[in-house]
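Colleague: sequence and computational prediction follow.
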Amino acid sequence: MYPKRNMEKIQAVLCAEFKKNVGTTGILMGIDYGSVRIGIALSDENRETARPFKIISKIRELDDLVPARNVVGFVIGLPLQPDGTEGETARQARLFAARLEEKYKLPILWIDERYSSVETEDYLKNDCFMRLKQRRQILDAHVAARLLQYALNFFRQIK
């Protein structure tokens, strides 16, 4: 396990490499992988903002979306355990990402998504006053947007 400050340096290096591979413009897709639902978010062309897009259940649902939106890279949430280790859900997310990489040949950036679902659900509940049923229908796409926006904000700090 790396000390926190070294992890931040590693993350910065990975983000810089990803940013170099995807260029300065083009749409990025944020993904919150789950075994039942997969949240999808898209950036704008200039990568200023991330917006929730939709929820899918199978990778093949991206077959039309990725080329139609001219997606140039994926930002995927890595569901780590609270202690920072990878469990079964992270293994499944990595398998999903390997299929994406094989299918679309686009760069992938991993973002630690610990607590992102809880934070996003709290936001939707307390700030947007959404009921449980409403939140369940959109939560995963909003988590994907939150992860993608985090990456976009971080990119602006990288020279």
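Modeller: That came through, no problem. Predicted, not measured: the structure shown is a model, and the values here were computed from it. Numbering: from 1, shown residues only.
Colleague: use CA for all of it now, contacts and neighbours both
Modeller: Noted.
Colleague: quote the end-to-end distance of stretch 98-110.
Modeller: One end of stretch 98-110 to the other measures 12 Å (C-alpha to C-alpha, to the nearest Å).
Colleague: buried residues in it?
Modeller: Within stretch 98-110, the residues that count as buried by 16 or more other C-alpha atoms under 10 Å are Leu100, Pro107, Ile108, Leu109, Trp110.
Colleague: the residue nearest to the second one when sequence neighbours are not counted: how many residues sit nearby?
Modeller: Counting by C-alpha to C-alpha, 6 or more residues apart in numbering, Pro107 lies nearest to Gly73, which is 5.0 Å off, once chain neighbours are set aside. By the criterion of other C-alpha atoms under 10 Å, Gly73 has 24 neighbours.
Colleague: might you report the residue contacts of Gly73?
Modeller: Val22, Ile27, Leu28, Met29, Leu106, Pro107, Ile108, Leu109 (C-alpha atoms under 8 Å, 6 or more residues apart in numbering).
Colleague: hey, what's it bridged with?
Modeller: Per DSSP bridges, the residues bridged to Gly73 are Leu28.
Colleague: could you check the pLDDT of it?
Modeller: The per-residue pLDDT reported for Gly73 equals 96.
Colleague: same list (the contacts of Gly73) but as CSV, adding pLDDT and distance to Gly39.
Modeller: What follows is the contacts of Gly73, written out as CSV (pLDDT from 0 to 100; distance: C-alpha to C-alpha, whole Å):
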residue, pLDDT, distance to Gly39
Val22, 90, 21
Ile27, 96, 16
Leu28, 97, 14
Met29, 97, 10
Leu106, 95, 18
Pro107, 94, 18
Ile108, 94, 16
Leu109, 93, 16
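Colleague: of these, closest to Asp140?
Modeller: For the contacts of Gly73, the minimum distance to Asp140 (C-alpha to C-alpha) is 13.3 Å, reached by Met29.
Colleague: from memory that closest one sits against Asn70, does it?
Modeller: No: with contact defined as C-alpha atoms under 8 Å, Met29 and Asn70 do not form a contacting pair (9.9 Å).
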